[in-house]
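Just a sequence and a predicted model for now, questions to come.
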Amino acid sequence: MKTYKAKDLLDERYGKKGSESREKFRDNAYSYYFGEIIRNRRKELNMSQEKLAEAVGKKRPYISRIENGEDVRISNLLLVANALDLTIQLTNR
């Protein structure tokens, strides 16, 4: 049985780090991750998508798109995070 390093698998499937395909994969992964955090927190608070949408001045399908990892503007992500009492922290790498 051959073992693989995560880096090698990512390189093979999505291209080398810094490549266009790898960056697209990374962006999609972050969008998915943010969506999962939003969904899980909303459910923790027993809040419907409709109620969250009302709280941020959006329509329910928009909340669904966020939770499904679709591209989200940072300003809207901040509105949603605030409504769910989440903190977003930006740091240097």
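Great, that's in hand. Numbering: from 1, shown residues only.

okay, the nearest residue to residue 56 once chain neighbours are set aside: pLDDT?
Leaving aside its sequence neighbours, residue 56 sits nearest to residue 79 (CB to CB, 6 or more residues apart in numbering; 4.3 Å). For every residue, glycine as well, the C-beta is placed using N, CA and C. For residue 79, the model assigns a pLDDT of 92.

does the residue nearest to the spatial centre of the chain belong to a helix or a strand, and which?
Residue closest to the average C-alpha location in the chain (CA atoms, centre = their mean): residue 34, at 2.2 Å. Using DSSP states H and E, the element containing residue 34 is helix 20-44.

Residue 46 too?
Using DSSP H and E, no helix or strand contains residue 46.

next one: phi and psi at it?
Dihedral pair for residue 46: phi 50, psi 40, per degrees, to the nearest 10.

And residue 54, how far from residue 62?
To residue 62, residue 54 is 11 Å away according to CB to CB, to the nearest Å.

Look at those two and report which has more neighbours.
The residue with more neighbours, out of residue 54 and residue 62, is residue 62; 18 against 15, by other CB atoms under 10 Å.
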